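Chemist: Here is my input; please provide its structure:
(2 chains)
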Amino acid sequence: MYSVPYTPNLPAVDGYFIDENKKTVYLFQMTISRDHSIDLENLAYIVKTFELNRLGFSFALIFVVPSNIEKYFPKQKITGADLFDDLSNLPVEQIRGIGPKSAMKLRSSPFNIKSKYDFYLAAQDRALHNQMTAFIPKNCISNFVIIVDGIKEYKELANIPQFVLGIKVE
Amino acid sequence: MEDQPAAAAAVIDVDSKLLRVPDHFIPMQFRYKKANIYIRDCYPHYFDNLWNDLFVHQKDSVLITGTPGIGKSIFYIYVLEMMKKKMKGSVIVLSSFTKQSQVKTCVILRPGQLPARLAEGKPIPYVENAMYLYNGIPNGVKEGEVKTVIFASPNHDFLLEHSKNETMRKYYMPLWSEREVLEAVELLELRLNYDDIQKQILRFGGSVRYILTEDDDFRMEGLQNQEKAMNSIKSFLDLEMCLDLKKDDNDVIHRLFYFVPNMTSPNKYDMRLGSVHIAFAVEANLRNADVQERLKLFRSLQSHGQSRSTAGWLFENYCHGVLSSGINAVAKSLTAGANDLQLEMIPGYHRFFELESI
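Modeler: All right, here's what the predicted structure looks like:
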């Protein structure tokens, strides 16, 4: 059945359809623009949260566009495709929901968390996790872990096959 | 007369994200009561732009406008402090105005003197080479050797009156990003929690008047006004009138549609439904409306190249309808050499949310 996920703050896909016969999960992104890059973090979050992974199924990203631009619609960029490799180089304050004051606390003892990767590791440590929740919202920690796990688990998303479907608006 | 320290005593640290509000009285449409303001990323850029317009391009005035509730009046405080720094030795005239463009209060800052508050009913004086900073739409702009910056919500009549005024530059301020909201809450030490803020962002989008408040009654008032505005949209024609700024009630337009400035030319804007909550509610109101009317409005927006966000929203919801009705079509591969995809979808629709849950 065609489904519309609810991820208002993480725009990645507007709808999806699981084709049991073709063992494919179609992810739909509607756009009227010829330039519509997709964020890998958001893609991973959707796949993980809505449990779209099925054994032996593959993914396809379909851009749904007005038919008059279908012909000219180019392959889109997947941003953050090298995100997991870069996690240790990305500062912790780039995590959604962590402000400058919280980042300062994280950087100091006992956390010594400087990068996104440090934060990911700390989130798996029960004692550190509990201490962090004193000043960082629980949802902020759990969402970040979901995203990183998603990226680790679905490496193929970085190279997801892309298609374009034109819809008549006349 | 205000018996407060002179204007020059105000502390500015433009490198930090907070700016201390000066101790002296500042005429404002709505009083700002916190000790600090949060400096948004856009403030220094907008200030540079307006400074260049006034003193390099020799414009007489600049209008800083945008969606109500995004903090134009806060930016007015920032500009005031920057002007004090950059225009040492100059007179700065501050004035606020009522909705009917009547002077509310006026204060004159003269170098080395205490701020002077103008008596009620007295007209704003002309001071040569002064900088006039207005909070609200004035009943007129001083002509002559003066510069004026106006901070006000978009007023259709005023914008129309000055649409051909080459000496006035207009800027639309950007909506707040989620990161800015969370950063402001943290730095201003507001008693708001993360989950509530997320909820309020869904309701109010990037206009923060009702998000960065600790007053629940005030927020409730905002929600009620929003509800009323959403209920007034019953057809695509209503929507079109809002986009053309022709809806009688300016407030309805501003509560539903937010102004998104063009990144490269912030004097131009796109109009989009303000928040996830507004977009869902308006879509729910239009669910049974004629689909041809939707497409007509979409095509009209497309051909005029205006309100692209709204056009995108109209298209997205149209596509949900098409895809959920079932489809048998070919999706073309965007990867060279790869096969196209034969899509066969049975009719059916599932949505993971209801409007009431937002």
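
Chemist: give me every residue that touches residue 132.
Modeler: Using chain A here. With contact set as CB atoms under 8 Å, 6 or more residues apart in numbering or on different chains, A:Met132 has these partners: A:106, A:111, A:122-123, A:141. From N, CA and C alone the C-beta is placed, and that goes for glycine too.

Chemist: Correction: the question concerned chain B.
Modeler: B:92-93, B:95, B:124, B:141-142, B:146-149.

Chemist: follow-up on the earlier one: chain B: which of the contacts of A:Met132 is nearest?
Modeler: The nearest member of the contacts of A:Met132 to chain B, counting by CB to the nearest CB, is A:Ile141 at 10.6 Å.

Chemist: okay but the closest one is in contact with A:Gln131, surely?
Modeler: No: assessed by CB atoms under 8 Å, A:Ile141 is found out of contact with A:Gln131, at 11.4 Å.

Chemist: Compare these two and say which is more crowded by neighbours.
Modeler: More crowded of A:Ile141 and A:Gln131, by other CB atoms under 10 Å in any protein chain shown: A:Ile141, with 20 against 15.

Chemist: next structured bit after the helix ranked longest in chain A?
Modeler: For chain A, the helix that runs over the most residues, judged by DSSP state H, is helix A:138-153. Toward the C-terminus, helix A:138-153 is succeeded by strand A:162-167 as the next helix or strand (DSSP states H and E).

Chemist: quick check, that next one touching chain B?
Modeler: Yes: using CB under 8 Å from any CB of the partner chain, strand A:162-167 comes into contact with chain B via A:162-165, A:167.

Chemist: Tell me the buried residues within these.
Modeler: Buried subset of the residues of strand A:162-167 next to chain B (neighbour count, 16 or more other CB atoms under 10 Å in any protein chain shown): A:162-165, A:167.

Chemist: can you list those residues in a markdown table and add pLDDT?
Modeler: Below are these laid out as a markdown table (pLDDT from 0 to 100):
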| residue | pLDDT |
| --- | --- |
| A:Gln162 | 95 |
| A:Phe163 | 97 |
| A:Val164 | 97 |
| A:Leu165 | 98 |
| A:Ile167 | 97 |
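
Chemist: between those, which is closest to B:Leu118?
Modeler: B:Leu118 has its nearest neighbour among those in A:Ile167, at 60.6 Å by CB to CB.

Chemist: any idea how far the residue of the stretch 1-150 of chain B found nearest chain A is from B:Asp41?
Modeler: Closest residue of the stretch 1-150 of chain B to chain A, CB to the nearest CB: B:Lys17 (7.1 Å). If you measure B:Lys17 against B:Asp41 using CB to CB, to the nearest Å, the figure is 9 Å.

Chemist: Those two: which has the busier surroundings?
Modeler: Neighbour totals were compared for B:Lys17 and B:Asp41, and B:Lys17 leads with 20 against 12 (other CB under 10 Å).

Chemist: Per-residue pLDDT of the nearest residue to the more buried one once chain neighbours are set aside, please?
Modeler: Leaving aside its chain neighbours, B:Lys17 sits nearest to B:Ile39 (5.3 Å; criterion: CB to CB, 6 or more residues apart in numbering or on different chains). On the pLDDT scale, B:Ile39 is placed at 95.

Chemist: and if you look at B:Pro27?
Modeler: 93.

Chemist: Please name the residues that touch it.
Modeler: Residues near B:Pro27 by CB under 8 Å, 6+ apart: B:94-96, B:104-107, B:135.

Chemist: likewise B:Arg255?
Modeler: Shown in contact with B:Arg255 (CB under 8 Å, 6+ apart): B:68, B:225-226, B:229, B:274.

Chemist: taking those one by one, which sit in strands?
Modeler: Per DSSP state E, strands hold no members of those.

Chemist: Tell me the one of the residues you listed nearest B:Ala311?
Modeler: When the contacts of B:Arg255 are compared against B:Ala311 (criterion: CB to CB), the nearest one is B:Gly274, at 16.0 Å.

Chemist: count of residues packed around the closest one?
Modeler: 26.

Chemist: What is the burial count for B:Met87?
Modeler: Counted with other CB under 10 Å, residues neighbouring B:Met87 total 17.

Chemist: Against B:Thr105, how distant is the nearest residue to it once chain neighbours are set aside?
Modeler: Closest residue to B:Met87 apart from its sequence neighbours, by CB to CB, 6+ apart: B:Met131 at 5.9 Å. Per CB to CB, B:Met131 is found 17 Å from B:Thr105.

Chemist: So which of the two has more stuff around it?
Modeler: B:Met131 (22 against 17).

Chemist: And that one, what's its pLDDT?
Modeler: Per-residue confidence (pLDDT) for B:Met131: 97.

Chemist: now do the one 4 residues further on
Modeler: The confidence metric pLDDT takes the value 96 at B:Asn135.

Chemist: Mind checking what secondary structure the closest residue to it other than its chain neighbours has?
Modeler: Counting by CB to CB, 6+ apart, the nearest residue to B:Asn135 once its immediate chain neighbours are dropped is B:Ser96, at 4.4 Å. Here B:Ser96 is recorded as strand under DSSP: H, G, I helix; E, B strand; the rest coil.

Chemist: Quick check: which ranges of chain A have low pLDDT?
Modeler: Where chain A drops to pLDDT under 70, the residues are A:7-11, A:81-84.

Chemist: What residue spans form the domains of it?
Modeler: Listed domain ranges for chain A are A:15-80+A:160-167, A:83-150 (source: automatic domain parsing).

Chemist: Spell out which residues of the stretch 51-200 of chain B are next to chain A.
Modeler: So the stretch 51-200 of chain B meets chain A at B:178-179, B:182-183, B:185-187, B:193-195, B:198 (CB under 8 Å from any CB).

Chemist: can we see that at 6 Å?
Modeler: B:182-183, B:186, B:194 (CB under 6 Å from any CB of the partner chain).

Chemist: what separates stretch B:128-148 from the chain centre, distance-wise?
Modeler: Taking CA atoms, centre = their mean, to the nearest Å, the mean C-alpha location of stretch B:128-148 is offset from the chain mean by 22 Å.

Chemist: Pull up the residues of chain A that are close to chain B.
Modeler: A:1-6, A:8, A:14, A:17, A:30, A:32, A:62, A:64, A:75, A:99, A:101, A:137, A:161-165, A:167, A:169.

Chemist: of the residues you listed, buried ones?
Modeler: Using 16+ other CB under 10 Å, the buried members of the residues of chain A next to chain B are A:2-5, A:8, A:14, A:17, A:30, A:32, A:62, A:64, A:99, A:137, A:161-165, A:167, A:169.

Chemist: now the helices: where do they sit in the chain?
Modeler: Going with chain A. Using DSSP H, the helices of chain A run over residues A:40-49, A:67-70, A:83-86, A:100-107, A:116-124, A:126-132, A:138-153.

Chemist: that's the other chain; I wanted chain B
Modeler: For chain B, helices defined by DSSP H occupy the ranges B:42-55, B:72-86, B:156-161, B:178-187, B:194-204, B:216-231, B:236-243, B:250-256, B:276-286, B:291-304, B:308-324.

Chemist: worst average pLDDT in these?
Modeler: helix B:156-161 has the lowest average pLDDT among the helices of chain B, namely a mean of 80.

Chemist: Now which of the contacts of A:Met132 would you call buried?
Modeler: For the contacts of A:Met132, a burial check counting by 16+ other CB under 10 Å picks out A:106, A:111, A:122-123, A:141.

Chemist: could you dump the residues of the stretch 51-200 of chain B next to chain A to TSV with neighbour count?
Modeler: Below are those laid out as TSV (neighbours: other CB atoms under 10 Å in any protein chain shown):
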residue	neighbour count
B:Leu182	23
B:Glu183	22
B:Glu186	20
B:Tyr194	15
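
Chemist: Domain ranges for chain B, per the record?
Modeler: B:7-172, B:215-324.

Chemist: mind checking how far the longest one is from the chain centre?
Modeler: Once both centres are worked out by CA atoms, centre = their mean, domain B:7-172 turns out to sit 16 Å from its chain's centre.

Chemist: For the stretch 251-358 of chain B, list the residues in contact with chain A, please.
Modeler: Within the stretch 251-358 of chain B, the positions near chain A by CB under 6 Å from any CB are B:276, B:295, B:311-312, B:315-316, B:319, B:322-324, B:331-335, B:341, B:345, B:348-353.
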